[in-house]
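Asks: Quick one, what's the 3D model for this:
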Amino acid sequence: MIFANLALSYPLSILARALYDNPRPFVVENFTPLIQHLSDNGFPSDHTLLLASLAAGVGFFNKKTASFLWLIVILVGVSRVFSGVHHYADILGSIVIALIAKWIVHFVLERKKKV
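Replies: Reported below is the predicted structural model:
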């Protein structure tokens, strides 16, 4: 389930990136970010997406570990915003994509059990 969640999150993020363009904060506000980065579309945050997908996938098996991973997701997301390479919308979008992927994986596997 973890790998399915990770594998589904990536194409969903590509679709989201194609549908929504969000220039990075340092491009819009014309400053130098703390982390050197390309000035491409910032939506969604790949770092946050990877960790959120992992946390969501682990949530199928171990709620305590998943809670710890969600804390890391939040810390990484906030650090990406404070470093000037993402907006909060990019972080929230990544989390939503990971949760949508988890819901789809859960739905498909539950349906498969009934067949």
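
Asks: CA only for contacts and neighbour counts going forward, please
Replies: Fine.

Asks: right, and the helix or strand after the host helix or strand of Gly77?
Replies: For Gly77, the host element (DSSP states H and E) is helix 63-82. For helix 63-82, the following helix or strand on the C-terminal side (DSSP H and E) is helix 88-114.

Asks: Could I get the buried residue list for that following helix?
Replies: Of all the residues in helix 88-114, those buried under the rule 16 or more other Cα atoms under 10 Å are 88, 90-102, 105-106.

Asks: Ok, stretch 37-50 next?
Replies: Asn41, Gly42, Phe43, Pro44, Ser45, Asp46, Thr48, Leu49, Leu50.

Asks: Repeat that for stretch 75-86.
Replies: Those buried within stretch 75-86 under the rule 16+ other Cα under 10 Å are Val76, Gly77, Val78, Arg80, Val81, Ser83, Gly84, Val85, His86.

Asks: Do me a favour and average the pLDDT over that stretch.
Replies: Mean per-residue pLDDT for stretch 75-86: 97.
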